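Participant: Curious how this folds, go ahead:
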Amino acid sequence: MAIADDLKKTLTDPTPLYFAAGTADLAVQQAKKVPALIEQLRADAPARIEAVKNTDPKAVQEAVTAKVTEVFGSIDPKKLGETAQDLALRGVGVAAEYAVRAKETYDKVAEHGEQTVRAWRGEVAEEIVDIAEAVEPEPAQAEAAQDGAPAEAAGEEKPAAKKPAARRAAAKKAAAEPAAASAEGA
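Facilitator: Predicted coordinates:
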């Protein structure tokens, strides 16, 4: 049963949908920034291209060679094993930290998505109400306009319409009782 409960909980949890909505909303917000970034790159591109053209390839090659020699020269085979073990332990700690951060970020984006969905629903609901008001006038005003009578008169007619339905039900009950009594007597 635990599997069924877990599956039910998973299928009824709206958090992944909120996460998707939050991600979509954040993507839209970031996409709105793209035109400004493109303009900035267009402005910076000529200066960067000139800097690359003016760079001496031999100077770059010498700098890279010096760095590689320095790195390979500092490697000590005895310390390499200790360093690898230390890095592995640090890696586990960092992985756990990133897992916690990922969960926190997931929750934040899901919360943002929930707020986004509420905003979308609110906007849609407001639009529907506006459309409904534009298309259909209020019921009391519509009846008053059709009958030519005030809305209060329309309110008095509604209880009268309900009374015949109640009388019909009582009449059916009364008719059913004699039929049942005659069936018992026979």
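
Participant: what's the burial count for residue 110?
Facilitator: By the criterion of other CB atoms under 10 Å, residue 110 has 20 neighbours. C-beta coordinates here come from the backbone N, C-alpha and C atoms, glycine included.

Participant: what sits against it?
Facilitator: Going by CB atoms under 8 Å, 6 or more residues apart in numbering, residue 110 touches 15-16, 18-19, 22.

Participant: and it, which of the three is it?
Facilitator: Three-state call for residue 110 (DSSP: H, G, I helix; E, B strand; the rest coil): helix.

Participant: same question, residue 81
Facilitator: What three-state DSSP gives for residue 81 is helix.

Participant: confidence score at it?
Facilitator: Residue 81 carries a pLDDT score of 79 in this model.

Participant: Which of the contacts of residue 110 fall in strands?
Facilitator: Among the contacts of residue 110, none falls in strands (DSSP state E).

Participant: filter those to the buried ones?
Facilitator: By neighbour count, with 16 or more other CB atoms under 10 Å, those hold 18-19, 22 as buried.

Participant: Flag the least confident of these.
Facilitator: Ranked by pLDDT, these bottom out at residue 18 (87).

Participant: which residue packs closest to it, ignoring adjacent ones?
Facilitator: What sits nearest to residue 18 in space, not counting adjacent residues and going by CB to CB, 6 or more residues apart in numbering, is residue 113, at 3.7 Å.

Participant: Please consider this matter closed, and thank you.
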